[in-house]
Every structure is written in C-alpha cells, then in structure tokens.
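> model this:
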Amino acid sequence: MSYRARFGKDNSACDSGNSAEGSGSSRGPDEVSNDFDHEIAQLTKHRSRPHRLLSGDMAGKLRLPVSTMKMLAGRESNYSGRGRFSLADCCHVLSRYLPINGPWGVDQSRSPAYVSQFSNDGLAFVAGFQGGHIRIYNVDKGWKVQKDILTKSLRWTITDTSLSPDQRYLVYASMTPVVNIVNVGSSTTVSLANVMEVHEGLDFSIQGDEDEFGIFSIKFSTDGRELVAASSDASIYVYDLQANKVSLRIPAHQSDVNTVCFADETGHLIYSGSDDNLCKVGFISGLYMVWDRRCLMTNGQASGVLMGHLEGVTFIDSRGDGRYLISNGKDQTTKLWDIRKMSSRAMYTGQKYIYTGSSDHSVYIYDLVTGAQVAKLDHHEGPVRDCSWHPLYPILVSSSWDGTVARWEFPGDDQVPTLVRPKIRRRRGFY
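Below is the predicted model of the structure:
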C-alpha cells in the first residue's frame, strides 16, 4: 500500500508547501527556556496551530492539541469555510505522531551505511554505503530498489550524496577532488560506473594546485545549476555545471571543512562548518562561517563568523530563508543561529521536533518548546551515521555503521516489525 493511500494525504492537502522536517533542542536540563519570546518559536507555533473552528468548540475555548478525529469532523462539516486542511492544520495533525514504532528493515549491507536522505518530495530515499554502493529506494512502492549504483574512483568511503532538484541526477563524493554525477532518471536499474552507464567525473581541483584533497560534503543549488562542496584542504568550492568547471574557491577555514550548504534559493549566501582550532580564545575549537559571494570579489572575507561550539562542527542545515541555520557539533550540542544577530539559540524547528543519530547507537528526538527528550530509538549495533525524516509523513529512517538501514513509523499501524538486530562483527577501526 502506498503511503499516500495509507495516510490519506497527498501534496494537495495543504494550501502550499510540504510539512517541514522535524527538529528540536540541545539545551541542558538546568537551563531556563525563553524560547517562547523568540521569533522562531512564534513562527513554529503559528505554522502548527489549527484553525480554531475545526475543533467544533466555541470561540475562545480552543484547547491544544486538538483531537485528530475532531479536526477531521470539522473539515467534513467545512467549519473553516475552506473545505480542506491548511498547511498549519496538516502540521498540527502530523506533529502528534512520532515515528517510534519499528524498526522495519529497508536494507542490510556488509559495509557501513554512511549517508542517507529522503528526496524533497519524499518519493525516493538514497543510502550510500562505505563499500561503494549507492541505492535509491522507491518509497511508494514498498521500498524497492529503484536504482543500484556501483561507484568508481572511491577512496575510503562515499562521504556525501545529493539529488538534483528535479531528481534526474545524483552526485556522490569521496576523499578525492573528483565528484561523480549519475543520471538516475534513466530506465537502467543497475548502474555500474562507466560499464553500464557513464558516471561523469567533475574535477574540483584547480590547475597548478598539487595538493590532494577529499570532499566531505556536496550540495546542489536550488536551481540545479551549481554544486557547493566542503573539502579537506580547508576550502569551499563552487562548481558551475553549465560551464563544467570550478567557478569559485574560497580558502575558508584553518582545518577540514566538514559541511556546507546554500542559505537560500538565491545562491548568494553559503554556510560552512569546520574543525578549526582557535586556541587564542581558549574555548572555541568548532567554528563555522557565513559567506556572501557578492562581497568576496571586493574583500575576500566571510560575512560573519559564528562561534559557540566547543568542538568541531559536523553538520549544518539552512531553514532556507537566509536567516536561520542549525548546527550539530562534536561537543554533543545542537544550536540554532540567527545570522541577522550573529547569535545562537539552542532550538530550531521547521515544525516541532529535532532528531539526531548518535555514537551510542541510538536515535534521539527532542521537543522544540521544552527541550525535553520525547523519544529514544534503540536498535542499531553501531554508531548512527545519518538519519532522515520524511517531508510529509511521520516516518524516520536511520543508517548505521552496522550496515543496517532501518525504518521507524508512528504507532497504530497493523504491520509487525520484521527487522532483527544485526549480528555484531569485527571491523577495522575507521571511526
């Protein structure tokens, strides 16, 4: 059964956009919350507050959360006058359901699962394994393998993958300066590099630069015309796909650049996170920067330097509005940054929760407002290297170095989890 049929919802159920990816908090238990006063908390409340008439109660007596059955009855009776749920109504319903049931097996490999991600529309799921396999699963057709990609020019592991906005192409990176691009829209189900299909190599090295480097993070721009990459030579690269060459190299940091992304759809702002070690200030060794490409030609400097993590920054993600980003650090904290103030908050959400994989083999889900841990998902026998929340439904997929890709859903489904714990096996210590 497809997820659209099972959940009774499709993209047209909301006025605009998709349900935002879940997110949350890293605040300690003794810290006092003032997030209700912060703009992002108010925006989150606004985006997930249902229409008051859908509850069927008298005005002024709306109590949250509103029963899903009551909201459905209100929709059928057209209490809101719109005849359908708004985006906020959809978010309110879905935020009541956490993907804590399971797990079900998506895949099992002898090599560690290193990266994984849902497509923007949730129809596809991509998982990359250290052994050189990338698999694309069709979510709506029982998680069947839609494309099995055997990579080339791999060094150590697949460090990152990225789907183009139109989902026709996929790029994969490794610890080399060459990023490969694959046509995933073709009818071929098995793609063996340069045997069954061409995996074109995009060379990020610059002529005259003799130093070898690897790429830790790669992302498409929202228009699909450029790639931005974070590298082990402390630089950020922008690759022009139409010109087929590197259009910009930024010597951004003093150490490995672990993560990078575009701030918004304009492509002017770039966020980067690194392992910089700034001993001069004593406490700061995790640093990330904000780069405005319009200013680089004149001063070559970052538009902002955001300091707050005590150790290296491993992951960043933009809200897509050029204002907020979220960061994850080796110091076991997750922070929200408002770049207009160049200051941080410990909370961020597109909807109501934040989720993260952990080196203790678990997945954690936190509540936005309270910062409380609302769920802990235990199954894996190795560090959870990546996890991804479906953009429309309460489904979460976790990928671990034990080789397992596991699917978690909300309770109430009549399916019985079939995934057994993976056997512990000896592996080389590449942590």
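
> I'd guessed Val182 sits against Ser164; true?
No. Using C-beta atoms under 8 Å as the test, Val182 is too far from Ser164 to be in contact (10.4 Å). Placement of C-beta: from N, CA and C, glycine included.

> Which residues are in contact with each of the two?
Shared contacts of Val182 and Ser164, defined by C-beta atoms under 8 Å, 6 or more residues apart in numbering, are found at Leu170, Val171.

> And Leu202, which helix or strand is it part of?
strand 200-203 (DSSP states H and E).

> What segments of the stretch 51-200 of the chain are helices?
68-76, 87-94 (DSSP state H, counting those that start in this stretch).

> most packed of these?
The highest mean neighbour count among those, using mean count of other C-beta atoms under 10 Å, belongs to helix 87-94: a mean of 22.

> Can you show me the strands along the stretch 251-400 of the chain?
Counting by DSSP state E, counting those that start in this stretch, the stretch 251-400 of the chain has these strands, from start to end: 257-262, 269-274, 287-292, 304-307, 313-318, 324-329, 334-338, 343-345, 353-357, 362-367, 373-378, 384-389, 395-400.

> how about CSV for those strands, with distance to Val171 added?
Shown next, in CSV, are the strands of the stretch 251-400 of the chain (distance: least, C-beta to C-beta, whole Å):
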stretch, distance to Val171
strand 257-262, 13
strand 269-274, 17
strand 287-292, 21
strand 304-307, 27
strand 313-318, 18
strand 324-329, 22
strand 334-338, 27
strand 343-345, 31
strand 353-357, 23
strand 362-367, 26
strand 373-378, 30
strand 384-389, 17
strand 395-400, 18
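
> Any idea which of these gets closest to Leu43?
With C-beta to C-beta as the measure, strand 324-329 is the member of the strands of the stretch 251-400 of the chain nearest Leu43 (9.3 Å).

> Counting by contacts, list what that closest one packs against.
strand 313-318, strand 334-338 (3 or more C-beta pairs under 8 Å, 6 or more residues apart in numbering; DSSP states H and E).

> for it, what is the average pLDDT?
Taken as a whole, strand 324-329 has a mean pLDDT of 82.

> Could I get the CA-only coordinates of that strand as PDB?
C-alpha atoms of strand 324-329 as PDB (Å, rounded to 0.1, in the frame of the first residue of the first chain):
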ATOM      1  CA  TYR A 324      18.300  30.800  10.400                       C
ATOM      2  CA  LEU A 325      20.600  27.700  10.300                       C
ATOM      3  CA  ILE A 326      21.000  24.800  12.700                       C
ATOM      4  CA  SER A 327      24.400  23.200  13.600                       C
ATOM      5  CA  ASN A 328      25.500  20.000  15.200                       C
ATOM      6  CA  GLY A 329      28.900  19.700  16.900                       C
END
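
> Check which residues of stretch 323-339 are buried.
Counting neighbours by 16 or more other C-beta atoms under 10 Å, one finds that the buried residues in stretch 323-339 are 323-331, 333-339.

> An error on my part: the question was meant for stretch 166-175.
Buried, per 16+ other C-beta under 10 Å, within stretch 166-175: Gln167, Tyr169, Leu170, Val171, Tyr172, Ala173, Ser174, Met175.

> For the stretch 301-431 of the chain, give me the ranges with low pLDDT.
Scanning the stretch 301-431 of the chain for pLDDT under 70 picks out 301-304, 341-351, 368-370, 412-431.

> Rebuild the helices and strands packed on strand 324-329 as TSV, extending it with distance to Ser398.
Shown next, in TSV, are these (distance: least, C-beta to C-beta, whole Å):
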stretch	distance to Ser398
strand 313-318	15
strand 334-338	17
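
> where does the stretch 101-250 of the chain have low pLDDT?
For the stretch 101-250 of the chain (pLDDT under 70), the answer is 153, 208-210.

> before we move on, back to that, can you put the helices of the stretch 51-200 of the chain in JSON lines and add mean pLDDT and distance to Gly224?
Below are the helices of the stretch 51-200 of the chain laid out as JSON lines (pLDDT from 0 to 100; distance: least, C-beta to C-beta, whole Å):
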{"stretch": "helix 68-76", "mean pLDDT": "80", "distance to Gly224": "36"}
{"stretch": "helix 87-94", "mean pLDDT": "79", "distance to Gly224": "25"}
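
> nearest to His46, of those?
helix 87-94 (7.1 Å).

> Which other helices and strands does that closest one contact?
Counting by 3+ C-beta pairs under 8 Å, 6+ apart, helix 87-94 packs on helix 39-47, helix 68-76.

> Show me the domain layout of the chain.
Following automatic domain parsing, one gets these domains for the chain: 13-26+34-94, 104-409.

> so which of those is the most packed in?
The most buried one of those (mean count of other C-beta under 10 Å) is domain 104-409, showing a mean of 19.

> Can you give the distance of it from its chain's centre?
7 Å (C-alpha atoms, centre = their mean, to the nearest Å).

> what distance separates the start and the end of that domain?
9 Å (C-alpha to C-alpha, to the nearest Å).

> Please consider this matter closed, and thank you.
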